[in-house]
Structures are given as structure tokens and as C-alpha cells.
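here is my input; please provide its structure:
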Amino acid sequence: MRKILICIIILSLVCMQNSYAGPAKKLGRGLANTLTGWLEIPFSIRENAQKHGYLAGGLYGIPIGVVKTAIRTLVGAYEVVTFALPFPEDFEHIVEPEFVWEPVGETPFEPMGAQELE
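Predicted coordinates:
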């Protein structure tokens, strides 16, 4: 029962961050990044495997993912502790992308027929 309650609270905070700006968004982002920072490891393995092959994905993806995990988790913890303070300016995110599951520098979903319009 306690695990279910914790999951509901975390999901509520993550969903809430999309609709509220300021401290609530920073707190939700901090909790999400603290708890899901470890996902940087499999994402880094996948990214390196797609760019350089499967061997490189394992050899380079794991250490890169470990470093990214440490950075994202520490930044998330910092945001949880300082969620009420407007640092950085206007509660902006520190790491890019804002959440581990967001793609870097690309649109996650492209509308059908968008290329035909260009």
C-alpha cells in the first residue's frame, strides 16, 4: 500500500509540473530526475549503439550513462532541496533535456504529413 501511495504522489508531481510554473514545477522535476536518473545508463547505451554499433554501445554507453546518471541525480536532488528558491532564474531547468525520457534537440512527435507541407 505504501509503494502505491508513493507512486501516486510521484506521478501527481510529475503531471503537475506540466500545468504549474515555479516552485511546484521545480519540485516535480527534481523528484523525477532524482528517481529516474538511472535511466541515463540504458538510454546512453542505446544512443551509442545506434550511432557507433553495438560494441561501442556497451563499451562507451555504460561509462557515459554512469556520468550522466550522477549529474542528473545530483541536479535533481539540488532542485528538490532548493525548490522554493528561484535559482536558476525563473525556476529554469539545469540539465538538458529537462527529463531523462525527453529527446535532445528534436521534436518527440511529428504530425503526420508535416514533411509534405515543407
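
what about the longest helix in the protein?
helix 54-81 (DSSP state H).

tell me the mean pLDDT over that helix?
For helix 54-81, mean pLDDT rounds to 94.

what's the answer for stretch 29-44, then?
On average, stretch 29-44 scores 94.

quick one: terminal-to-terminal distance for that stretch?
20 Å (CA to CA, to the nearest Å).

cool, stretch 27-45 as well?
OK, stretch 27-45 end separation, CA to CA: 28 Å.

just the residues contacting stretch 51-64, thanks.
41, 44, 45, 46, 47, 48, 49, 50 (CB atoms under 8 Å, 6 or more residues apart in numbering). In short, each C-beta sits where N, CA and C put it, glycine included.

list the buried ones in the longest helix of the chain?
Neighbour counts over helix 54-81 (16 or more other CB atoms under 10 Å) mark 57, 60-61, 64-65, 68-69, 72-73, 75-76, 78-80 as buried.

what two of those have the greatest distance between them?
Greatest spacing in the buried residues of helix 54-81, by CB to CB: 57 and 80 (31.4 Å).

the helix or strand encompassing residue 51 vs helix 54-81, what angle?
Following DSSP states H and E, one finds residue 51 within helix 40-52. Angle of helix 40-52 versus helix 54-81, following axes from the mean of the first three to the mean of the last three CA atoms, to 10 degrees, is 140 degrees.

excluding its backbone neighbours, what's nearest residue 79?
residue 30 (3.0 Å; CB to CB, 6 or more residues apart in numbering).

spatially central residue in the protein, please.
residue 99 (1.8 Å; CA atoms, centre = their mean).

and that one, helix, strand or coil?
Using DSSP: H, G, I helix; E, B strand; the rest coil, the structure places residue 99 in coil.

excluding chain neighbours, give the residue nearest to it in space.
Here the residue nearest residue 99, using CB to CB, 6+ apart, is residue 32, at 5.9 Å.

contacts only, for the nearest residue to residue 80 once chain neighbours are set aside.
Leaving aside its chain neighbours, residue 80 sits nearest to residue 30 (3.8 Å; criterion: CB to CB, 6+ apart). Remark: with contacts taken as CB under 8 Å, 6+ apart, residue 30 is in contact with 75, 76, 77, 78, 79, 80, 81, 83.
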